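Enquirer: pasting a predicted model and its sequence here:
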Amino acid sequence: MDNFSIYRYMHLGIVHFKAFPQVVGGQGPIVETLRKIAEDDFWTAVEVGWMKDVKVRHEASKLLEVSHLKVCYATQPRILGQKLNPNSFDTAERNKAIDNVKRGIDEAYQLGASSVRVLSGKDPGDDKREDAKKIFIDTLKQWCEYAKQQGDIRLYLKIFDRDIDKAALIGHFKDAADVAEAVYKEYQNFGILSDLSHFPLLRETPAEAIPLVMKYPLHFHIGNCVMRDRKNILYGDLQPRFGVPGGELDTPDVRDYFKLLLEHNLLNPQDKPVLSVEVRPLLAEETSEMIIANAKRVIKQAWASL
């Protein structure tokens, strides 16, 4: 294939607050660690999160402006960090989540982000799930409308597991497809985030799941998880490094993911998606720098083997 550079097919990104988990709460050495990513020309995109201090946010925005990185903003630190529930049956609790994410959208604009990723709240169980999905659809529409009024930005819904770690409403790709169908017909600034590391946790495969949502705008993640041994200290949705003992995913799985996305024309040079790696140092012998280098090697080897 001519010109088969990975950069022709995607904006290759990294999740800042996972690679450097000391900043996940919106404080800490945000600018210093973000600069490390900006100075590494392997990355052409970055996903940032909550930045509580307006001065830090301003400094980060200037750094990102100079970097020429495509910027995405994640509300996950806000929602999970504060235990917010955007599909709560309690109106006050739900409104707290809605308003908080709106403030996140404001931050995203200040940082020059082109997209914002969002997530659902807790799953209420089989009996109440459909009602919760209706509530969440309304929440998503409010966020999409708010983002639309602010400017040109797209929201991507990230799908989490239901029964291993996050216990999220969305949940499974069929649920994501139901939600997307209801939202997208009114708001074309909405899409779905497909995370390779979550498929084992969902007990789904990319080949089964992605066709359910591929008619909507898509954003992609790659990563790893541990889910077979509950006694493993890395069990659940913790985004460990590739190749960690007991892990589910490594270079061959990333290669197969790339291959599937190419086959479905989802890595399209005419409309390049963002594909970000989401890994973090979790063990005593691991550093952020080593985990990032690990991920870069996996990406290079996976793409080269196509």
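Expert: Sure, I can see it. Numbering: from 1, shown residues only.

Enquirer: and for the closest residue to S194 other than its chain neighbours, the neighbour number?
Expert: Spatial nearest neighbour of S194, excluding adjacent residues (CB to CB, 6 or more residues apart in numbering): F220 at 5.4 Å. Yep, even glycine has a C-beta here, placed from its N, CA and C like the rest. Counted with other CB atoms under 10 Å, residues neighbouring F220 total 23.

Enquirer: so who does F220 touch?
Expert: F220 makes contacts with M10, L193, S194, D195, L196, Y257, L261, L266, P273, V274, L275, S276, as judged by CB atoms under 8 Å, 6 or more residues apart in numbering.

Enquirer: ditto for L212
Expert: F173, K174, A176, A177.

Enquirer: surely the first one meets D161?
Expert: No. When contacts are counted by CB atoms under 8 Å, F173 is not listed as touching D161 (11.8 Å).

Enquirer: between these two, what contacts are shared?
Expert: Common neighbours of F173 and D161 (CB under 8 Å, 6+ apart) are L202.

Enquirer: picking that back up, which pair of the contacts of L212 spans the longest distance?
Expert: Taking CB to CB as the measure, the contacts of L212 span a maximum distance of 7.3 Å, between K174 and A176.

Enquirer: ok, now which ones touch A147?
Expert: Applying CB under 8 Å, 6+ apart, we find A147 in contact with I105, V116, I153, R154, L155, N189.

Enquirer: that one: what secondary structure?
Expert: Put simply, A147 is helix when judged by DSSP: H, G, I helix; E, B strand; the rest coil.

Enquirer: also A207?
Expert: Quick answer, by three-state DSSP: A207 is helix.

Enquirer: just use 295 as the starting number from now, easier for me
Expert: Got it, the first residue is 295 from now on, which makes the last one we talked about A501.

Enquirer: and it, what does it touch?
Expert: Counted by CB under 8 Å, 6+ apart, A501 has contacts L554.

Enquirer: okay, it: pLDDT?
Expert: Confidence at A501, expressed as pLDDT, is 98.

Enquirer: buried sites along stretch 336-343?
Expert: W337, T338, A339, V340, E341, V342, G343 (16 or more other CB atoms under 10 Å).

Enquirer: please report phi then psi for the residue nearest to S488.
Expert: phi -130, psi 150 (degrees, to the nearest 10).

Enquirer: and stretch 363-378, which residues are buried?
Expert: L363, K364, V365, C366, Y367, A368, T369, Q370, P371, R372, I373, L378.

Enquirer: dump those to a markdown table, plus pLDDT, distance to D544 and secondary structure.
Expert: Formatted as a markdown table, the buried residues of stretch 363-378 follow (pLDDT from 0 to 100; distance: CB to CB, whole Å; DSSP: H, G, I helix; E, B strand; the rest coil):
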| residue | pLDDT | distance to D544 | secondary structure |
| --- | --- | --- | --- |
| L363 | 98 | 27 | coil |
| K364 | 98 | 27 | strand |
| V365 | 98 | 29 | strand |
| C366 | 98 | 25 | strand |
| Y367 | 98 | 29 | strand |
| A368 | 98 | 24 | strand |
| T369 | 98 | 29 | coil |
| Q370 | 95 | 24 | helix |
| P371 | 96 | 27 | helix |
| R372 | 96 | 31 | helix |
| I373 | 96 | 29 | helix |
| L378 | 97 | 33 | coil |
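
Enquirer: what's the closest of those to I504?
Expert: Using CB to CB, the buried residues of stretch 363-378 come closest to I504 at C366, 19.5 Å.

Enquirer: partners of that closest one in the sheet?
Expert: With DSSP bridges applied, C366 shows beta-bridge pairing to E341, S409.

Enquirer: my guess is it contacts G485, does it?
Expert: No. Contact between C366 and G485 fails when scored by CB under 8 Å: they sit 11.7 Å apart.

Enquirer: give me the common contacts of these two.
Expert: Counting by CB under 8 Å, 6+ apart, the common neighbours of C366 and G485 are H513.

Enquirer: G398 is in contact with R411, isn't it?
Expert: No. Using CB under 8 Å, G398 is not in contact with R411, being 9.9 Å away.

Enquirer: among those two, which residue is more densely surrounded?
Expert: R411 (28 against 23).

Enquirer: element containing the more buried one?
Expert: Element membership for R411 (DSSP states H and E) is strand 409-413.

Enquirer: for that strand, packing partners?
Expert: Packing partners of strand 409-413 (3 or more CB pairs under 8 Å, 6 or more residues apart in numbering; DSSP states H and E): strand 364-368, helix 370-375, helix 385-404, helix 423-444, strand 448-452.

Enquirer: what sits against the closest residue in space to S382 that isn't next to it in sequence?
Expert: Of all residues not flanking S382 in the chain, R388 sits nearest, at 4.3 Å (CB to CB, 6+ apart). For R388, the contact set (CB under 8 Å, 6+ apart) comprises N379, P380, N381, S382, I429, T433.
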